[in-house]
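1. sequence below, structure please.
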Amino acid sequence: MNDIDILLDILKQMVSAHPASGFVNSLYEQYCNRGGLSKKQLEGLYAKALKSGSIPQNKLATLEAIIKKKPTRERAAASIKNIEPIKDEATGKLLIDILEKYPQHKRVLFLKMKYDNNEKLTPGETGEVQKFSKLLLR
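-> Residues are numbered from 1 along each chain as shown. Down below sits the predicted model:
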């Protein structure tokens, strides 16, 4: 069974008609290597083939049908920038109070650094700060 590859025929005719065209040669290489072209590439080939005038109308119509059959991929809408988390002022005050009394407390220093860098403290870490304040700030 012989399959007719209209796209390959058009590309071969375009390469022979425009041997110096980098665009056409690039499309031909991509089609041979990957076995297909994107919708944008096909649209560019169609526009170039229309200007060429050497491609038969029936092949141009087939190329146009191939282009219409391909799905149009649209870019996703721009994502909304993440809003900075609101710092828990009470936790910040507790961290400062603990460090005033115990300036070398390593775990509290770590949590204070995390708090100062606008990293969200987990509920467990917030619980730790409250536990430390109960134990150390009586």
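
2. Met113: neighbour count?
-> Neighbour count for Met113, taken as other C-beta atoms under 10 Å: 11. From N, CA and C alone the C-beta is placed, and that goes for glycine too.

3. element containing it, please.
-> Using DSSP states H and E, Met113 falls within helix 106-116.

4. between helix 106-116 and the following helix or strand past that helix, find me the angle.
-> Remark: after helix 106-116, the chain's next helix or strand is helix 123-136, criterion DSSP H and E. With axes from the mean of the first three to the mean of the last three C-alpha atoms, to 10 degrees applied, the angle from helix 123-136 to helix 106-116 works out at 130 degrees.

5. any idea how far Leu7 is from the residue of the chain most remote from its centre?
-> Residue farthest from the centre of the chain, counting by C-alpha atoms, centre = their mean, is Arg138 at 52.5 Å. The gap separating Arg138 from Leu7 is 81 Å, by C-beta to C-beta, to the nearest Å.
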